[in-house]
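Colleague: what's the 3D shape of this:
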Amino acid sequence: MASLRSRIVQRIMRDTKDALLGDLPVEVRRRRIDSAARRAIRVPRGVCLKTVSANGVPSDWLEPDEAIPGQAILYLHGGAYVICSPSTHRGLAGHIAQASQSRALLIDYRLAPEHPFPAALDDALAGYRWLLENGYTPEHIAIGGDSAGGGLTLATALFLRDTHKIMPAALFLLSPWTDLTFSGESIHTRADRDPLLSLNNDDWLVKIYANGHPLDYPYISPLFGDMHDLPPTLIQVGTEEILYDDSIRLEQKARLAGVNVTLETWPGMWHVFQGFAPYVPESHQAIEKIGEFLRAHL
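Modeller: Modelled structure (predicted):
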């Protein structure tokens with residue numbers, strides 16, 4: 001059973017999600033999410049925050065006190081490719097960096113509709129190159145992200161493989177959005193259960209992000225890509241998400257392709273519940289699992 005704290009948080013989210021993520025203009029959503037994040041999210045103690053330019057991409061550089069030299073994470077935040085920024089995800093990325101004893105590069109990739117595909121992918125690749133240029137080797141780099149950032153993580157790995165670049169050591173995906181065609185059954189079957197996400201009239205945003213490419217193009221919806229030769233991959237998803245099937249189908253497809261993939265389903269949890277560490281016990285536990293996975297592969 002989900003913890004009392006998680007049930008309280010879910011009740012609050014149900015009561016406030018329309019105010020934050022309802023059918024509102026993109027700029028309004030950005031301001032409200034950033035304002036809420038500044039009040040609630042903090043970089044954990046023991047993690048130093050610096051700002052850097054990663055090949056022209058503004059980024060946060062998070063350095064835990066106990067970081068192991070040579071290990072790094074490229075973190076790609078969520079937000080449906082239209083909202084959120086490093087300021088909304090510093091806490092989550094900082095906790096993961098601390099749990100894995102790795103430095104983390106949290107990039108401020110460009111957002112749609114102003115900057116449609118492939119801007120976000122280009123910026124993710126620029127961040128990966130920045131780590132390589134600063135002395136981090138692929139066998140000691142992991143790429144990870146949540147929601148759209150999880151999909152972007154997988155798209156980045158597919159592009160690196162397809163262009164014969166050296167792959168990172170591991171991938172970690174938190175509630176990844178891998179199917180922009182919305183073909184998963186959970187989009188409908190879990191609509192009443194999801195305390196955070198709902199299908200608004202945002203089809204126009206998805207189409208603008210795609211920038212004329214088919215929505216099942218693998219670098220946009222990586223679920224439809226070929227999964228062969230991907231590095232070890234951890235997927236975490238909550239059972240109460242409308243995007244639940246994005247993770248389930250991804251795990252099945254990756255396993256059939258021979259990928260060393262681990263799927264963790266968290267009963268009673270919602271979309272990117274890990275972002276509520278340290279307030280929710282399950283969030284803290286999930287981040288510890290991510291840390292264990294990254295320490296084993298980095």
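Colleague: can you pull out the helices in the stretch 51-200 of the chain?
Modeller: 86-100, 119-133, 148-162, 186-189 (DSSP state H, counting those that start in this stretch).
Colleague: nearest to Ser53, of the ones you listed?
Modeller: Ser53 sits nearest to helix 119-133 of all those, at 8.5 Å, using CB to CB. (C-beta placed from N, C-alpha, C; glycine too.)
Colleague: Give me the buried positions along that closest one.
Modeller: By neighbour count on 16 or more other CB atoms under 10 Å, the buried set for helix 119-133 is Ala119, Ala120, Leu121, Asp122, Asp123, Ala124, Leu125, Ala126, Gly127, Tyr128, Trp130, Leu131.
Colleague: As a markdown table, those with pLDDT and distance to Leu230 would be great.
Modeller: As requested, the buried residues of helix 119-133 are exported to a markdown table (pLDDT from 0 to 100; distance: CB to CB, whole Å):
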| residue | pLDDT | distance to Leu230 |
| --- | --- | --- |
| Ala119 | 98 | 23 |
| Ala120 | 98 | 19 |
| Leu121 | 98 | 16 |
| Asp122 | 98 | 20 |
| Asp123 | 98 | 21 |
| Ala124 | 98 | 15 |
| Leu125 | 98 | 16 |
| Ala126 | 98 | 21 |
| Gly127 | 98 | 19 |
| Tyr128 | 98 | 15 |
| Trp130 | 98 | 22 |
| Leu131 | 98 | 19 |
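Colleague: before we move on, which element is His271 in?
Modeller: Using DSSP states H and E, His271 sits in no helix or strand.
Colleague: Next up, the contacts around it.
Modeller: Contacts of His271 were listed using CB atoms under 8 Å, 6 or more residues apart in numbering, and they are Ser147, Ser175, Asp194, Leu196, Leu197, Gly238, Glu241, Ile242, Leu243.
Colleague: again, but for Leu76
Modeller: Here Leu76 is in contact with Ile107, Tyr109, Ala124, Ile143, Gly144, Gly145, Gly149, Gly150, Leu152, Thr153, Thr156 (CB under 8 Å, 6+ apart).
Colleague: gap between stretch 163-179 and the chain center?
Modeller: In terms of CA atoms, centre = their mean, to the nearest Å, the centre of stretch 163-179 is found 10 Å from the chain centre.
Colleague: now could you export just the CA positions of it as CSV?
Modeller: Extracted in CSV, the C-alpha atoms of stretch 163-179 (Å, rounded to 0.1, in the frame of the first residue of the first chain):
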residue,chain,number,x,y,z
THR,A,163,25.6,7.5,-36.1
HIS,A,164,28.2,5.0,-34.8
LYS,A,165,29.2,7.2,-31.8
ILE,A,166,30.4,5.6,-28.6
MET,A,167,27.4,4.9,-26.4
PRO,A,168,27.2,5.8,-22.7
ALA,A,169,27.5,3.1,-20.0
ALA,A,170,23.8,3.2,-18.9
LEU,A,171,20.4,4.8,-19.4
PHE,A,172,17.8,5.5,-16.7
LEU,A,173,14.2,6.5,-17.6
LEU,A,174,11.7,7.8,-15.1
SER,A,175,8.1,7.6,-16.3
PRO,A,176,9.4,8.0,-19.9
TRP,A,177,7.1,9.5,-22.6
THR,A,178,8.1,7.3,-25.5
ASP,A,179,5.0,7.4,-27.7
